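1. Pasted the sequence and its predicted model underneath.
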Amino acid sequence: MPYFRSPIGNSQIETSAGVPAVGWKIYTYLAGTTTPAATYTDNTGATQQANPMILNSLGVPASNVWMLGGVALKFVITDAAGVVQSSLGADNVRGVNDTTSSVTEWIDSGLVPTYISPTSFSVPNDQTLVFEALRKLKTVNAGGTVYSSVVSAVYSAPNTTITVTNISGALDASLSSVAYGLLSANNPSIPESTLGTAFRTATALFSIPPMTVFGGAATRMAIGTGLNANILATTTPIRLSFPGGIGANGRIDYPGSITADATAFWATLTASSTLYTFYDRNTTTGAITGVFSTLPYIVQDSSVAISTTTGQHTYVTDTNTMYVGIAGVATVVQRVPEGELVTSGVAVTSVTSYAKLRKYTQVWVATLPGLSAAISANHNLGTQEFVGQVEIECTTADGSFTVGQRYALLNCGLSGSSYLPVSISKTRLSMGFSTGDGGKIAMTPPAGGAVVGLTAASWKYRFLAQGTF
């Protein structure tokens, strides 16, 4: 890329008294912005000028000022006290005889990056508006050109630290320049079409934005956390596989699927409701399809009368039989509860898949809850018929308790000389407990004796749930 002599800074600047503007300063920014941009001391571009440039006794910078071809700058001139001299500055300035005209998807930042690690570097001043999350970067390193995506940009005076995910290669200690993508991650100039909306509404690096399959009017089905897709109604059965969420350990929780004919399932969903979905096996053909009800299913034994309410599913535990009310009769069906859908007037707005194997194990949570705390977790079993408990494990030696010892937490909250049992609350989708206000979570020591309070930071805890059928 060629360099051109700057029209500003290469001739004497005078004060209003007609004398050299000694000690005055020239700041350079990308045109139309407050993003600092580099100028250079000669036409090789090997050495950058200081920014700001300080004028010497002749009212000029210590060396000539050159600009990168094809890059327009804004020049701001201040006196020695920092007062802007508006009549001397200018915006959209190009180098003398710079007729460079090129279209590129990369904008040279004009900033000098400082290498920190293979996935991070810093640049001078607050550049958080430029280096926004998800924006693509192109850097020059000893190993060649590296393409990356911004994860975060954090300003701590006087520098901004940028953390990236590398798409190709890795940053190295010879990092010398950084360019950023022409399109911003927020409000890019993509036409407002299906594709444009997809980019505009994407909220996570690996999320799948909305899309319409085969065109036409679509019904949106939200899938898991941060994932959604628009499904065009057809007469062909569609199988959807989706997660209920991604745990802290990176594993997908509660994978499930629905197979259904659009005209028999998606097209008939009840608007503005919570719907309970089931896998239904046709006893004649063996075909698996999706059905739904506006009523949550019931779990009971055969000593209780089975509901005949239309759409009410009842699972009888001692005979392992599922019934549903049809025309006033409790009819045996081969159905398995799958999950829940929440609909608006025009779309499916959320999906919850029930936990498979009727089992839930929470990822460990560091440090025991404090006083008067309400703790909960989503088990997504779809029923209150489960055995639940809170399990704790010692992570740092605590009195006579040693690392790795694990207990079911049965007592919680000292109050005077007594301690109170943990009462686990249950709903179809969640469980929880509350701590008392009289002391620490308490346990009987391994060797017996008086109950002692536990050191919260020396333990971790988790919820466990197992369906009873």
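-> That came through, no problem. Numbers count the residues shown, from 1 in each chain.

2. Any stretches of the stretch 201-350 of the chain with poor pLDDT?
-> 201-267 (pLDDT under 70).

3. State whether Thr285 is indeed within a strand.
-> No: looking at Thr285 with DSSP: H, G, I helix; E, B strand; the rest coil, it is coil, so not inside a strand.

4. Distance of it relative to Ile326?
-> Separation of Thr285 from Ile326 (Cβ to Cβ, to the nearest Å): 19 Å. No exception for glycine: its C-beta is placed from N, CA and C like everyone else's.

5. what about those two, which has more around it?
-> Ile326 (13 against 8; other Cβ atoms under 10 Å).

6. Pretty sure the more buried one sits against His313.
-> No: between Ile326 and His313 there is no contact under Cβ atoms under 8 Å: 10.8 Å.

7. Walk me through which strands the longest strand seen in the chain pairs with, and which way each runs.
-> Longest strand in the chain, counting residues (DSSP state E): strand 144-156. Strand 144-156 pairs in its sheet with strand 136-141 (antiparallel), strand 159-168 (antiparallel), by DSSP bridges.

8. Now do that strand: everything it contacts.
-> Under the contact criterion Cβ atoms under 8 Å, 6 or more residues apart in numbering, strand 144-156 has outside partners 119, 126-128, 130-140, 160-171, 185, 205.

9. Mind checking which of these are buried?
-> In the contacts of strand 144-156, burial by neighbour count holds for 126-127, 130-131, 134-139, 160-164, 171, 185, counting by 16 or more other Cβ atoms under 10 Å.

10. care to break this structure down by domain?
-> 1-102, 106-181, 266-353, 359-467 (automatic domain parsing).

11. Do you know the pLDDT at Asn380?
-> Per-residue pLDDT puts Asn380 at 85.

12. List the buried residues in the longest strand of the chain.
-> Neighbour-count burial for strand 144-156 [16+ other Cβ under 10 Å]: 146, 148-150, 153, 155.

13. roughly how far is stretch 19-39 from the heart of the chain?
-> 38 Å (Cα atoms, centre = their mean, to the nearest Å).

14. Show the average pLDDT along that stretch.
-> For stretch 19-39, the mean pLDDT works out to 91.

15. cool, stretch 460-469 as well?
-> pLDDT averaged over stretch 460-469 gives 85.

16. roughly how far is it from the heart of the chain?
-> With Cα atoms, centre = their mean, you get 27 Å for stretch 460-469.

17. May I have the beta-bridge partners of Pro124?
-> Bridge pairing for Pro124 - DSSP bridges - gives Asn159.

18. Next one: it, what pLDDT does it get?
-> Here the pLDDT value assigned to Pro124 is 93.

19. I'd say it and Leu111 touch.
-> Yes: in this structure Pro124 lies within contact range of Leu111 using Cβ under 8 Å: 6.5 Å.

20. shared neighbours of the two, which are they?
-> Counting by Cβ under 8 Å, 6+ apart, the shared contacts of Pro124 and Leu111 are Pro36.

21. Neighbour count: these two, which is higher?
-> Shown here are Pro124 and Leu111; by other Cβ under 10 Å, Leu111 has more neighbours (26 against 14).

22. That one - nearest residue in space that isn't next to it in sequence?
-> Val123 (4.3 Å; Cβ to Cβ, 6 or more residues apart in numbering).

23. Hmm, Ser177 and that neighbour touching each other?
-> No: Val123 is beyond contact range of Ser177, at 10.7 Å (criterion: Cβ under 8 Å).

24. Could I get the average pLDDT for stretch 150-160?
-> Stretch 150-160 comes out with an average pLDDT of 93.

25. Alpha carbons of that stretch, in PDB - could you do that?
-> Extracted C-alpha coordinates of stretch 150-160, given in PDB (Å, rounded to 0.1, in the frame of the first residue of the first chain):
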ATOM      1  CA  VAL A 150     -13.600 -10.900  18.900                       C
ATOM      2  CA  VAL A 151     -14.800 -12.500  22.200                       C
ATOM      3  CA  SER A 152     -14.400  -9.400  24.300                       C
ATOM      4  CA  ALA A 153     -12.800  -5.900  24.500                       C
ATOM      5  CA  VAL A 154     -12.200  -4.400  27.900                       C
ATOM      6  CA  TYR A 155     -10.800  -0.900  28.500                       C
ATOM      7  CA  SER A 156      -8.600  -0.300  31.500                       C
ATOM      8  CA  ALA A 157      -6.700   3.000  31.000                       C
ATOM      9  CA  PRO A 158      -4.600   3.500  29.000                       C
ATOM     10  CA  ASN A 159      -5.300   0.400  26.800                       C
ATOM     11  CA  THR A 160      -8.000  -1.800  25.500                       C
END
